[in-house]
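[1] coordinates only, no sequence provided:
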């Protein structure tokens, strides 16, 4: 049996003397869409940062295809096929849309790349209308589309989105969810963090609910819907 594409095992991590993760564990198979859900401040972003090597774990393991990557430099982890759409988008404000996309382009799988400029523009037609605009001139929704497109241009095997639709207008949120649904249908593995529970249940295969730096509930969408108390216990403020 093949190992999961990504496995996180008993991960501990934090910032200086402040520990945030207390044994975080989850896994993602090839082509699977998985969520991390939880209230603000429960460790979801720290989990992503620790997986990507932006924060050095203090214990546990992160494995890609069964091989340990914890302790590697972030660019080495990215080269294993992980593409990050960070919280806050972090597009290059003084580069054009095309330049933002080209700046991160890579073909780590060999052969003809799935994601090219034309493919990203096909996924996000709004970006095609803004190709010569600077990143800092785009709306928040357009910047989020650009951040997703920039991650896709690395031709990742796993796309990680931290706060996929935070702060976006409803019509833009629907467009983002539609694009993620298309990616899922095409076999893209996705790890997504967001607060829109309804959209996450429609999109994802499985869910992990995080409380105080550890997983306190896990299951698929039917199981989530059947557990009437999970939202009140772990997601409501």
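    Good, I have the coordinates. All of these numbers come straight from a predicted model, not from anything done at the bench.
[2] C-alpha from now on. contacts and neighbour counts both.
    Will do.
[3] what's the closest residue to residue 45 other than its chain neighbours sitting at in phi/psi?
    The shortest distance from residue 45 to any non-neighbouring residue, by Cα to Cα, 6 or more residues apart in numbering, is to residue 162 (6.7 Å). Phi and psi for residue 162, reported as degrees, to the nearest 10, are phi -100, psi 110.
[4] burial measure for residue 162, as a count.
    Counted with other Cα atoms under 10 Å, the neighbours of residue 162 add up to 21.
[5] one more: residue 203?
    Neighbours of residue 203 using other Cα under 10 Å come to 20.
[6] quick check, it in contact with residue 174.
    No - contact criterion Cα atoms under 8 Å: residue 203 and residue 174 do not qualify, at 11.9 Å.
[7] show me the chain divided up by domain.
    Annotated domains of the chain cover 1-81+159-166+188-237, 85-156 [automatic domain parsing].
[8] starting at the chain centroid, how far to the last one?
    Its chain's C-alpha centre lies 15 Å from the corresponding centre of domain 85-156 when counted by Cα atoms, centre = their mean, to the nearest Å.
[9] stretch 207-217 too?
    For stretch 207-217 - counting by Cα atoms, centre = their mean - the centre lies 16 Å from the chain centre.
[10] and for the helix or strand encompassing residue 231, what are the contacting residues?
    Assessed by DSSP states H and E, residue 231 sits inside helix 230-234. Residues outside helix 230-234 that contact it (Cα atoms under 8 Å, 6 or more residues apart in numbering) are 38-39, 209-211, 224.
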